[in-house]
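*Asks:* give me coordinates for this.
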Amino acid sequence: MNATLVETLWAGVAGSRLQQAALALIGTLALAVSAHIQVPFWPVPMTMQTFVVLMIGAAFGARLAAATVLAYLIEGALGLPVFATGAGLAYMAGPTAGYLVGFLTAATLVGWFADRGHGRSVMTTLVAFLVGEAVILSLGAGWLAILFGPEKALSAGLLPFLPGEGIKVALACALLPVMWRLARR
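*Replies:* Sure thing, here's the model as predicted:
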């Protein structure tokens, strides 16, 4: 298994439970902030939430990424205002449920890729992030299809988000390899 970006940046620091808890807290704060910042975009406003979910996976590795996103979901379930437009268990069981499950699954999967050395080049970042995006969007649209039917899920829960998600993947492909180069110095 390869060292993650966090382990490389802070050699030995990411090892203790207290330090991992601090990193998870920083990750949940980043997720909460990213959920509340909307960038005007066409055809729907864009948040940076999926970008942060996938970057957490890429930087933290599978175990810490899963713990971080799970902590974020627990914060939301407890009613903390960490989601874009609501909180609590009822909100989490609504139309966004598939996306929230997708966040946990994708962060863990991208973290699994990171644990194996992906994310250090543009190509491996592209592969890991496309897989992560596919998981988030398929689980999100799949849940919407159960609630509202497949046509509505595609037209309202998938297609409008593809341009913004493409920009976020491109940003990650540019940013993550640079972060790796800086970490190695």
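*Asks:* find the residue at the geometric middle of this structure.
*Replies:* residue 53 (1.4 Å; Cα atoms, centre = their mean).
*Asks:* which secondary structure element contains that one?
*Replies:* helix 49-60 (DSSP states H and E).
*Asks:* that helix packs against which elements?
*Replies:* Judged by 3 or more Cβ pairs under 8 Å, 6 or more residues apart in numbering; DSSP states H and E, the packing partners of helix 49-60 are helix 5-9, helix 17-36, helix 62-77, helix 97-115, helix 122-148, helix 162-184. For the C-beta atoms, the positions are set from N, CA and C on the backbone; glycine is no exception.
*Asks:* columns mean neighbour count and mean pLDDT on top of those helices, output as TSV?
*Replies:* Formatted as TSV, the helices and strands packed on helix 49-60 follow (neighbours: other Cβ atoms under 10 Å; pLDDT from 0 to 100):
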stretch	mean neighbour count	mean pLDDT
helix 5-9	19	87
helix 17-36	17	94
helix 62-77	21	98
helix 97-115	24	97
helix 122-148	19	96
helix 162-184	16	93
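*Asks:* right, and those helices - which one's nearest residue 156?
*Replies:* Checking those against residue 156 by Cβ to Cβ gives helix 122-148 as the closest, at 7.2 Å.
*Asks:* return the set of buried residues in the very next helix or strand once past the closest one.
*Replies:* With elements assigned by DSSP H and E, the helix or strand that comes after helix 122-148 is helix 150-157. For helix 150-157, the neighbour count (16 or more other Cβ atoms under 10 Å) marks 153, 157 as buried.
*Asks:* I'd like to know how far residue 142 sits from residue 148.
*Replies:* Between residue 142 and residue 148 the computed distance is 11 Å (Cβ to Cβ, to the nearest Å).
*Asks:* one more: residue 171?
*Replies:* 30 Å.
*Asks:* same question for residue 97.
*Replies:* For residue 97 relative to residue 148 (Cβ to Cβ), the value is 13 Å.
*Asks:* what pLDDT does the model give the residue of the chain most remote from its centre?
*Replies:* Centroid-distance maximum for the chain: residue 185 at 26.6 Å, with Cα atoms, centre = their mean. For residue 185, the pLDDT comes out at 79.
*Asks:* three-state assignment of residue 87?
*Replies:* Three-state assignment for residue 87 (DSSP: H, G, I helix; E, B strand; the rest coil): coil.
*Asks:* can you report how many residues lie near it?
*Replies:* Other residues within reach of residue 87, judged by other Cβ atoms under 10 Å, total 16.
*Asks:* look up how far residue 31 lies from the closest residue to it other than its chain neighbours.
*Replies:* Excluding its sequence neighbours, the residue lying closest to residue 87 (Cβ to Cβ, 6 or more residues apart in numbering) is residue 79, at 4.8 Å. Using Cβ to Cβ, residue 79 is found at 16 Å from residue 31.
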